[in-house]
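Chemist: compute the structure for the input listed below.
(2 chains)
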2 protein chains.
Amino acid sequence: MEFTVSYASFTTAVSDINKIISSKSVIPILSGIKIEANEYGLKLTGSNSDIFIERTIPLLKSGEKVVDIKEFGSVVVLSKYLNGIVKKLPNDICIKLGRNDSITIKSGDIETKLNGFNANDYPKLPEMDRNNKIEIPFGKLTEAIKQTAFAVSKSEAKPVLTGVKMEFEENKLICTATDSHRLARREVTIESKTTESFVVPSTSLSELTHLKEADSSIVEISYTNNFIVFGTAKSSLYSRLIEGVYPNTGSLVPTESKALITMNTQVLIEGMDRACVFSTEWKHNNIQLEIVDDATIKISSNSTEVGMIEELQKIIHIEGQNDIQMSFDGRFVLDALKRIPEENVTIRFDGLMKPIVIQPQNDSTCLHLISPVRSY
Amino acid sequence: MEFTVSYASFTTAVSDINKIISSKSVIPILSGIKIEANEYGLKLTGSNSDIFIERTIPLLKSGEKVVDIKEFGSVVVLSKYLNGIVKKLPNDICIKLGRNDSITIKSGDIETKLNGFNANDYPKLPEMDRNNKIEIPFGKLTEAIKQTAFAVSKSEAKPVLTGVKMEFEENKLICTATDSHRLARREVTIESKTTESFVVPSTSLSELTHLKEADSSIVEISYTNNFIVFGTAKSSLYSRLIEGVYPNTGSLVPTESKALITMNTQVLIEGMDRACVFSTEWKHNNIQLEIVDDATIKISSNSTEVGMIEELQKIIHIEGQNDIQMSFDGRFVLDALKRIPEENVTIRFDGLMKPIVIQPQNDSTCLHLISPVRSY
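Modeler: Take a look at the predicted model:
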């Protein structure tokens, strides 16, 4: 293996992949980046326990040569040191495979040698049936992920709840996440005829949203029984799927309401944020929401240790009862509100021990359920 | 105590003081901010184990009223919560002392209550003889600190070495710091007739450099046997002094040289930084410096685990021997070089086991000594 590559292309790719790699992987070779030089250019691969990311650097970029390959081949070197040194080099980088899987890296008057691993010992990526694939714009996919993935369970007690359920129906993708105290659901319209459903680890989806792609660029999704691959122009992200039966969440959404209020999203966020300062002593960050009259709600929180807060906010519109009082985990309410870019939100109350429904005003594609907590 | 204060003035002051306060202080009241309303405005005080910071908010700022005091008084409230809530308030803040040392904070439609401590239980600050004081521009003082304080000992084995020695001589301040492997020394010209010398904890000086003051503003330094106070227009920083005899460091500086080379500072920094990637396996981050000939030095480092690096750099000017090879802690060399803003540096070699002397070219007011390490 021997090639010369432009400084910017190589350091960006190595730095992006290095972010997901743990330098303390139990399997030492997985702390490495696999570098492969082939007829199409360079392919760099990195992994953590859940995912593999493959990144290609093509021979040409906008008509300019970025990689010049003298000899095909591959090797694995420790990501931490490769990333540490290449970003500190002054210009174009020549890499050559030497003895015992070590490489020499030359740039200007600087010569370095990095020890490596044999590329044959690196895990093989699963073969995908690329014919059976779903296409979706990057922006729509990441939007649906960002509005749901925060609500997955942080506990491994029920592994299936640590993932986001992605349901592809005709011309539709529905993402759902829940930790059984709260639920987030988002539906986006796409052009697709596939009917499939997967539970994908939220950590993998979080890495996917970090890929620097244009919102309009197309992501190709292909899959096997155990793996799903998100392919963009530059990168492929391989994630394991979570096995197990995802709970039926459709029946959780209350169908009738005792009260429905419309509030300004940003004002409500600021109020909940203040109230959370005083909720640290509670296991569930207890915040009280009280409909005082047709025009006013009171947000309050109380801590024997710290102090208390009470504030009044204007209701824009109300339907139903005007005398409801309930307690919630303030962090959960904040998490949901912060994912709503619309100016106004509606909150639906369905009864004392039933979850509330938070939605953007006039938009049923986005939905958050939050269970109340006992305030005593 | 009762007053109204402008949002910006109060939140800035509370946030600045909050940075030094530990929320887990062994003495609970020291996790608090003392608020005092008096005839001059507000005085806020915070502390960590080494220092107190006092910050004043005057009644008027640029002719505009920023504090309106209805009743004098004082109280101590937990800094973490005061800072947490006030920055989230919408506008001007009214604070009133209530029962049991609690305060109510009102802003717009928001009312909060914070539990507090009796201000009489807060430690008294030492009384200073304000007649006996030294004046020095803030910029000169912080420059001398930043160029030396990094070299103090990180170990408490010799407490006196964890401080910076500040020697005031006629029209001169000399700052010295050493951990016995390296030494940094900086002399600045000031207008002063005082002859005094203090050893100040480097952590206190670091807080001092974080104060947002104009470089030209005057710092008034006053002192007792155990305390030193740095007073600016807005703040007073009280620090304990370190007791003990500071070693005589004057005799450590080599007087003659075997070789003296002049190098470009930035190029040398980049080379040392690369070499440090390969020095992690050594206790002392071993980097080899070798004068190869009259025009070239070689910087190299070698790690059996990671790999090696070798690079050549141009010598701008050389006097004396052209065949010297020595090993250093690369981090120490980098630390020193990064404090030198001048374009070129000189490095003086005095013999195999003697420290090297790094200085800006043509400037003897700044000096760094670094002892060599064994490379076997």
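Chemist: any idea which element the spatially most central residue of chain A lies in?
Modeler: Per CA atoms, centre = their mean, the C-alpha nearest to the average position across chain A is that of A:Ser206, at 2.0 Å. Element membership of A:Ser206 [criterion: DSSP states H and E] is helix A:202-210.
Chemist: mean confidence for that helix?
Modeler: Across helix A:202-210, the average pLDDT comes to 94.
Chemist: now do stretch A:305-313
Modeler: 92.
Chemist: where does the stretch 51-200 of chain A have low pLDDT?
Modeler: Nowhere does the stretch 51-200 of chain A drop to pLDDT under 70.
Chemist: same question, the stretch 201-350 of chain A
Modeler: In the stretch 201-350 of chain A (pLDDT under 70), the answer is A:281-284.
Chemist: could you pull out the strands for it?
Modeler: A:218-223, A:227-231, A:235-240, A:259-264, A:286-293, A:296-303, A:307-314, A:317-320, A:325-329, A:344-349 (DSSP state E, counting those that start in this stretch).
Chemist: and the fifth one, which strands flank it?
Modeler: To tie it back to what came earlier, the one meant is strand A:286-293. Counting by DSSP bridges, the strands paired with strand A:286-293 are strand A:296-303 (antiparallel), strand A:325-329 (antiparallel).
Chemist: and it, what's buried?
Modeler: A:286-291 (16 or more other CB atoms under 10 Å in any protein chain shown). All C-beta spots, glycine's among them, are computed from the backbone N, C-alpha and C.
Chemist: now do the second one
Modeler: Within strand A:227-231, the residues that qualify as buried are A:227-231, counting by 16+ other CB under 10 Å.
Chemist: and for A:Ser235, the neighbour number?
Modeler: 20 (other CB atoms under 10 Å in any protein chain shown).
Chemist: what sits against it?
Modeler: A:53-56, A:211 (CB atoms under 8 Å, 6 or more residues apart in numbering or on different chains).
Chemist: same question for A:Glu169.
Modeler: A:Thr195.
Chemist: is it in a bridge, and if so with what?
Modeler: A:Lys172.
Chemist: how about the residues of chain A by chain B?
Modeler: A:78, A:81, A:84-85, A:88-90, A:102, A:108-115, A:270-271, A:273-274, A:277-278, A:305-313 (CB under 8 Å from any CB of the partner chain).
Chemist: mind listing which of the residues you listed are in helices?
Modeler: A:81, A:84-85, A:270-271, A:273-274 (DSSP state H).
Chemist: once you drop chain neighbours, what's closest to the residue located most distally from the centre of chain A?
Modeler: Relative to the centre of chain A, the most outlying C-alpha is that of A:Asp109, 41.8 Å out, by CA atoms, centre = their mean. Nearest residue to A:Asp109 in three dimensions, chain neighbours excluded: B:Leu312, at 4.8 Å (CB to CB, 6 or more residues apart in numbering or on different chains).
Chemist: what about the one you found, neighbour count?
Modeler: 17.
Chemist: rewinding a little: show me what contacts the residue lying closest to the residue nearest to the centre of chain A once chain neighbours are set aside?
Modeler: Sequence neighbours aside, A:Ala149 is the residue nearest to A:Ser206 in space, at 6.3 Å (criterion: CB to CB, 6+ apart). Neighbour list for A:Ala149: A:164, A:175, A:177, A:202, A:205-206 [criterion: CB under 8 Å, 6+ apart].
Chemist: mind picking the two most distant members of those?
Modeler: Farthest pair in the contacts of A:Ala149 (CB to CB) is A:Cys175 and A:Ser206. Separation: 13.0 Å.
Chemist: so what sits against both of the two?
Modeler: With CB under 8 Å, 6+ apart, A:Cys175 and A:Ser206 have common neighbours A:145, A:149.
Chemist: secondary structure element holding the closest residue to A:Tyr246 other than its chain neighbours?
Modeler: Among residues not flanking A:Tyr246 along the chain, A:Lys165 sits closest, at 4.8 Å (CB to CB, 6+ apart). Element membership for A:Lys165 (DSSP H and E) is strand A:163-169.
Chemist: next, the angle strand A:227-231 makes with that strand.
Modeler: 70 degrees (axes from the mean of the first three to the mean of the last three CA atoms, to 10 degrees).
Chemist: how far does strand A:163-169 sit from its chain's centre?
Modeler: Relative to its parent chain, strand A:163-169 has a centroid offset of 14 Å by CA atoms, centre = their mean, to the nearest Å.
Chemist: now stretch A:162-176
Modeler: That offset, for stretch A:162-176, works out to 14 Å (CA atoms, centre = their mean).
Chemist: among the strands of the stretch 201-350 of chain A, which comes closest to B:Met1?
Modeler: strand A:307-314 (16.2 Å).
Chemist: what angle do that closest one and strand A:296-303 make?
Modeler: Going by the same axes, to 10 degrees, strand A:307-314 makes 170 degrees with strand A:296-303.
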